[in-house]
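Peer 1: requesting a structural model of the entry that follows:
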Amino acid sequence: MDLTSIQSALSGLAAAVDLIKHGFKTREAFLQGETATKLLSELLSVYGHAAAVQSQLTAATDQIRDLKQRIVDAEHWATERSRYELHEAAPGCFVYRVKELERGSEPAHLLCANCYQRGVKSILQHETLSIGRAKVLFCTGCNAELVIEGVRHADQPPRPPIRSARPLS
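Peer 2: Numbering: from 1, shown residues only. Now for the predicted structure:
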C-alpha cells in the first residue's frame, strides 16, 4: 500500500466522521444515538490506526531514501578511493597521492591519510614554517601537520585550531 492510497483512505474516513457528526444533529440520528456513537467510535479508531500506519510509512520511506543516499555516497567514495595510492612523502610520513594514470588534467596533489581513512578527501597544503624553515604538509580537515623537511622548532607558535582562508589580492 503506497502513501497516496493511505492518504485517500484517511480523507474518506475523515469525510465519514464529518457526516456522522452532522447526522447527530438530526432527530432520527438522535433516536439511533447509541448505534451511531459506536459507529463513530469505531471509525475514529480506524482513523487513528490509519494515521499511525501513514506515519510509519513516511518514516520508512525517509529511512529508505537515506540508506539509498548512503549507498550512492559509499560507491562514489570507493571509485574515488581507487584513484589514490599510499605514498611515503618523507621517512615515516605517509600520505595518499593520486595515481599518475588516474590524474588526467587534475594537478598532482596529496591527501591526508587520517581523513582518507575516514572517507574524506582532504588535500594537504604545502607550507614553510617561519622559524627554522621546516617544510610541512598541513591538513585543513583534521589539522594534522606532517614535517617533510627540516625540524619543527619548539619556538614555532602552535597552529590555530581553525585556519581561515586568505583573501585573494
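Peer 1: please make it C-alpha for all contacts and neighbour counts, starting now.
Peer 2: OK.
Peer 1: would you list every one of the helices in this structure?
Peer 2: With DSSP state H as the criterion, the chain has helices at 3-23, 27-31, 33-81, 100-103, 113-117.
Peer 1: would CSV of the ones you listed with mean neighbour count be doable?
Peer 2: Listed next are those as CSV, based on neighbours: other Cα atoms under 10 Å:
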stretch, mean neighbour count
helix 3-23, 14
helix 27-31, 12
helix 33-81, 14
helix 100-103, 11
helix 113-117, 17
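Peer 1: out of those, nearest to E88?
Peer 2: Taking Cα to Cα, helix 113-117 is the member of the helices of the chain nearest to E88, at 10.6 Å.
Peer 1: distance from the closest one to the middle of the chain?
Peer 2: Mean-position distance between helix 113-117 and its chain equals 19 Å (Cα atoms, centre = their mean, to the nearest Å).
Peer 1: count of neighbours near L137?
Peer 2: Close neighbours of L137, defined as other Cα atoms under 10 Å, add up to 23.
Peer 1: please apply the same query to L124.
Peer 2: A total of 23 residues lie near L124 under the criterion other Cα under 10 Å.
Peer 1: from what I can see it touches V136, true?
Peer 2: No - using Cα atoms under 8 Å as the test, L124 is too far from V136 to be in contact (9.3 Å).
Peer 1: let me see the contact set for the residue lying closest to Y116 once chain neighbours are set aside.
Peer 2: Spatially, and ignoring its direct neighbours in sequence, Y116 is nearest to S122 (7.2 Å; Cα to Cα, 6 or more residues apart in numbering). Contacts for S122 (Cα atoms under 8 Å, 6 or more residues apart in numbering) come out as 111-112, 115-116, 139-141.
Peer 1: and the residues you listed, which are buried?
Peer 2: By neighbour count, with 16 or more other Cα atoms under 10 Å, the contacts of S122 hold 111-112, 115-116, 139-141 as buried.
Peer 1: reformat these as JSON lines; add pLDDT.
Peer 2: As requested, these are exported to JSON lines (pLDDT from 0 to 100):
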{"residue": "L111", "pLDDT": "93"}
{"residue": "C112", "pLDDT": "93"}
{"residue": "C115", "pLDDT": "91"}
{"residue": "Y116", "pLDDT": "92"}
{"residue": "C139", "pLDDT": "91"}
{"residue": "T140", "pLDDT": "87"}
{"residue": "G141", "pLDDT": "87"}
